[in-house]
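**Student:** Here is my input, please return the structure:
(3 chains)
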Amino acid sequence: MKKSLVALALMGAFAGAQAQSSVTIYGTVDAGISKTTGTTAQIGKRDNNKLGFRGVEDLGNGLKALFHLEIRYEPDTGTIEGVTRPLFQGQSRVGLQGGFGTVRLGRGLTAFQESITAFEPWNGLPAVAGFQTNLQVAGYTSDPLSPAGNSGNRFSNGVWYNSPVWGGFQFNGTFGTKDANGGPAVIGRGTALAPQYAANAQASAHPYSVSVTYNNGPFAAMAATERNAIETKLWSVAASYKPTTALKLMASYQQQDQDHTLRVNPETDAWVIGANYTMGPGKVLVGYGQKHPDGVLKTKEISLGYEYSLSARTYVYVDVSNRKLPVPVTAASDSSLNHYSLGIHHNF
Amino acid sequence: MKKSLVALALMGAFAGAQAQSSVTIYGTVDAGISKTTGTTAQIGKRDNNKLGFRGVEDLGNGLKALFHLEIRYEPDTGTIEGVTRPLFQGQSRVGLQGGFGTVRLGRGLTAFQESITAFEPWNGLPAVAGFQTNLQVAGYTSDPLSPAGNSGNRFSNGVWYNSPVWGGFQFNGTFGTKDANGGPAVIGRGTALAPQYAANAQASAHPYSVSVTYNNGPFAAMAATERNAIETKLWSVAASYKPTTALKLMASYQQQDQDHTLRVNPETDAWVIGANYTMGPGKVLVGYGQKHPDGVLKTKEISLGYEYSLSARTYVYVDVSNRKLPVPVTAASDSSLNHYSLGIHHNF
Amino acid sequence: MKKSLVALALMGAFAGAQAQSSVTIYGTVDAGISKTTGTTAQIGKRDNNKLGFRGVEDLGNGLKALFHLEIRYEPDTGTIEGVTRPLFQGQSRVGLQGGFGTVRLGRGLTAFQESITAFEPWNGLPAVAGFQTNLQVAGYTSDPLSPAGNSGNRFSNGVWYNSPVWGGFQFNGTFGTKDANGGPAVIGRGTALAPQYAANAQASAHPYSVSVTYNNGPFAAMAATERNAIETKLWSVAASYKPTTALKLMASYQQQDQDHTLRVNPETDAWVIGANYTMGPGKVLVGYGQKHPDGVLKTKEISLGYEYSLSARTYVYVDVSNRKLPVPVTAASDSSLNHYSLGIHHNF
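**Tutor:** Residues are numbered from 1 along each chain as shown, chains lettered A, B, ... in the order given. Just a heads-up that it's a prediction; the model follows:
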């Protein structure tokens, strides 16, 4: 019996069921109970919750094709992250890896945002007790022209390059197109009627992000600079040192320059110091940091955390944190916010 | 060649492709043709359509970590369930299981809603011919302060506990936070201008749901009570008996008390009786039930169904049902609705 | 220890983790850099990006149950396809296959749209350089009463039948219900105040699509006809011939009749010719086509593409294309659009 065209298409489509392709499902479920001054107790998260699909194909001669598609979600309500963010908020990238390094296309964390987390005591977790988003990157946003609600430490429409490692050094670069992405208007130095960037505006300059990392035994360091689609610039330096295998000390400094969109006080600087100490299945996290937009009072945060591993993939945690804001968020609220959380973190 | 930080991150991210983690994909596709009095023939579903991801990790000493992430969708249009429901409408929970029982955090069916389906002749399917949502639970909604369109038999922001089984008895409890969840205003005893619950209101009392189930050979029973975020209360008792292995008889009674939000006639009671009879690959389902909001005429439903198994995972079905409403839905429509459906149900 | 009802439910739900069911994950990631006359360079796609889940269950006696659930997404921004399309935009179908052929229910490409791609030089890819959507199908839309933004070459609420192959011939049919699907109003022969089809209208006639395909050694052909929910009709013939195994020549002709909704000039005809030539890992694609709505000037397109396979699953590509529109899209834009793209295509 000969097969016709659609018959062949059906065969092809269904035959694959026997031959699973090399896709790995991975992810994180993190849920806990938390309480912050002035709010009711909540079921919430300490880490980003992920459900990802990834694969690597060996093309021979040291060349590999690779991809990542990473869903983000909220376990307490079952929605995608932030309700309105992209389905693959984590990342959606495809590329090639070889002797020349790794080249990828799509959407993901910028070179700076991906490098800095290694120098943050909560390892870049978006925990309230952590320092990354608000303090460590000086409140900087990598993608201000994406739709409101998208998290701001990624580039859409980007090209990524990671070099091979030479003598402990690695170069990482992310380059964005000017392509408009459906974002909101940005008033900037304009007015509400004539915003500096209209809704769905293109970038006024090519966004880019570069970092150089250095790793040598117990010592690691990073220097990075980034410019986003509305020409806000940031530079950062960071270092970590492990005097013993159990103890990691770390520090970072950042400076953000919003001169292109702010008439007054466009600079913000921030620094974070911290330590991780491992004791058998337990790990202590401690950190302190400040953010100082010029002309504005400082934000200060101090945090203490403890993780207890039930396995290589699963741990329970408790965080205690205090954040002092320059002014209360609302007239009725406090400017000194205590935060407590207790939960479980499971990788799969 | 030494690896730098991002190099290590890339390694870690890609190396995993060789070692599939212990994630199981599971789900249901159910599609059929159905026709109800006054509407055109449709491609629709009889069961919830699911695409789920779950895993169990053995932590040693009888302790396990487990999670479920369960997408719901509409096969006739390819959208997520109800177009606007959460991506993981089925459930999104993570927890620990051990000698103490099972503790989970996140979003899922309440203890009551999860227990009652065993006493419904369509096994809790949301089929038009089934009795669960509208009749069996007396029209009660577990989550009235979630966004409009979310199905109402789950708690968001919940903690679940299932006890071990003692002499056939098991205790199941679900406890919700008061955390606001972006839901609509509920007028209740207020007015349109001053609703009893404003949009995105917090719960006025902690929602909870508890059930006790009993299982002893051919006999099973359940007693449950639940209070939702707007203080509507429900209690329910149910039992089933299998005189032979082929025949299961079942009955349930529910009473809903909306006194907190309704000035008049706040009570609704409902009962459902039914049977399942298995004959080789075939199974007959039959049920009858009534719902009686006080001060309002009764809703009555009678249904007959047949399932024919093509395998342990796949069956075809036909349902015939009649529902008598107190009044027609619209002036032009009938208050006696006949429903027919024919379809295929496939688990994977 | 006896297990109670919920205990058993929990067991069932978790036990499955050891026994992976026969689900195959499959998909495509395609990302590249492209540039079209009058727009900025972009990260975009040449093919549809897919993440699918499919399975086949052998039911014995030559009978099989099968399903496909296919997510579509945009790799450059991480969103689902078109931001607002259904999650399973690719398809969501379940059915049975046996000696009688294949019957499926749900949503997917119509028989015509699925058959015609084999006669298009870009194999039906939605690439700018390709011909399928705009030129090859004469601008026809299979599903005009679905929500705005849904792609228009599928039926929702459909039944699919593919016959066995008899002497090289196969019959393929898709039949839709009249079920309303939440779509926008269609003015048609009405007015803005009284559109011919109101928002969320039902179909005025049963949509259907049938194709007959023929396949005999180097020769293949297709004849198809389709009618959509607003009674636009289309017929199409197409053929391909392979004088050598490396060369495939192809041609198609289509005629669309919108008489039911357009008062004037309701007919559009279109034709496309093309060739594929394979040289080792390389493949050259070339095509030319015209679309001619009556009373309107022609649209003409010429395209040249090259694909270089890095493996059976991965290739890199470059496309060059020129499209001449009857009039410029905007006063400021050109009516002759050049397009260039360069990217990577990876199946998993």
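**Student:** And the strands in the stretch 101-250 of chain A, which stretches?
**Tutor:** A:101-109, A:154-162, A:169-176, A:208-216, A:219-227, A:233-244, A:247-257 (DSSP state E, counting those that start in this stretch).
**Student:** could those strands go into CSV alongside distance to residue C:65?
**Tutor:** All C-beta spots, glycine's among them, are computed from the backbone N, C-alpha and C. Below are these laid out as CSV (distance: least, C-beta to C-beta, whole Å):
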stretch, distance to residue C:65
strand A:101-109, 35
strand A:154-162, 40
strand A:169-176, 45
strand A:208-216, 49
strand A:219-227, 52
strand A:233-244, 55
strand A:247-257, 53
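**Student:** In contact with residue A:224, which residues?
**Tutor:** A:111-112, A:115-116, A:209-212, A:234-237 (C-beta atoms under 8 Å, 6 or more residues apart in numbering or on different chains).
**Student:** Okay, and the beta partners of it?
**Tutor:** residue A:211, residue A:236 (DSSP bridges).
**Student:** Quick check: the residue of the stretch 101-250 of chain A nearest chain B.
**Tutor:** residue A:170 (3.7 Å; C-beta to the nearest C-beta).
**Student:** What is the neighbour count of that residue?
**Tutor:** Residue A:170: 26 surrounding residues under other C-beta atoms under 10 Å in any protein chain shown.
**Student:** Please tell me I have it right and it contacts residue A:163.
**Tutor:** Yes: counting by C-beta atoms under 8 Å, residue A:170 does reach residue A:163; the two are 5.6 Å apart.
**Student:** returning to what we had before: and which of the contacts of residue A:224 is nearest to residue A:39?
**Tutor:** Closest approach to residue A:39 among the contacts of residue A:224 (C-beta to C-beta): residue A:116, at 28.4 Å.
**Student:** Contact partners for that closest one?
**Tutor:** Residue A:116 neighbours (C-beta under 8 Å, 6+ apart): A:124, A:132, A:136-137, A:211, A:222, A:224, A:236, A:238, A:252.
**Student:** Looking at these, spot the one nearest residue B:46.
**Tutor:** Set against residue B:46, the nearest of the contacts of residue A:116 by C-beta to C-beta is residue A:124 (45.6 Å).
**Student:** Please work out how many residues are found near the closest one.
**Tutor:** Residue A:124 sits with 24 neighbouring residues when counted by other C-beta under 10 Å.
**Student:** low-confidence ranges in chain A?
**Tutor:** Where chain A drops to pLDDT under 70, the residues are A:1-21, A:331-332.
**Student:** Show me the helices in it, by range?
**Tutor:** Here chain A has its helices, by DSSP state H, at A:5-15, A:111-116.
**Student:** How about the residues of the stretch 151-300 of chain A by chain C?
**Tutor:** A:156-159, A:177-179, A:181-182, A:202 (C-beta under 8 Å from any C-beta of the partner chain).
**Student:** Generate a PyMOL selection restricted to the buried subset of those residues.
**Tutor:** To isolate the buried ones among those in PyMOL, judged by 16 or more other C-beta atoms under 10 Å in any protein chain shown, type:
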select buried, chain A and resi 156+157+158+159+177+178+179+181
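**Student:** Just put the residues of the stretch 151-300 of chain A next to chain C in TSV and tack on distance to residue C:246.
**Tutor:** Output for these, formatted as TSV (distance: C-beta to C-beta, whole Å):
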residue	distance to residue C:246
A:156	40
A:157	37
A:158	38
A:159	34
A:177	37
A:178	41
A:179	38
A:181	42
A:182	44
A:202	43
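**Student:** Out of the residues of the stretch 151-300 of chain A next to chain C, which two sit at the greatest distance?
**Tutor:** Among these, the pair separated by the greatest distance (C-beta to C-beta) is A:159 and A:182, at 20.1 Å.
**Student:** All set, thanks.
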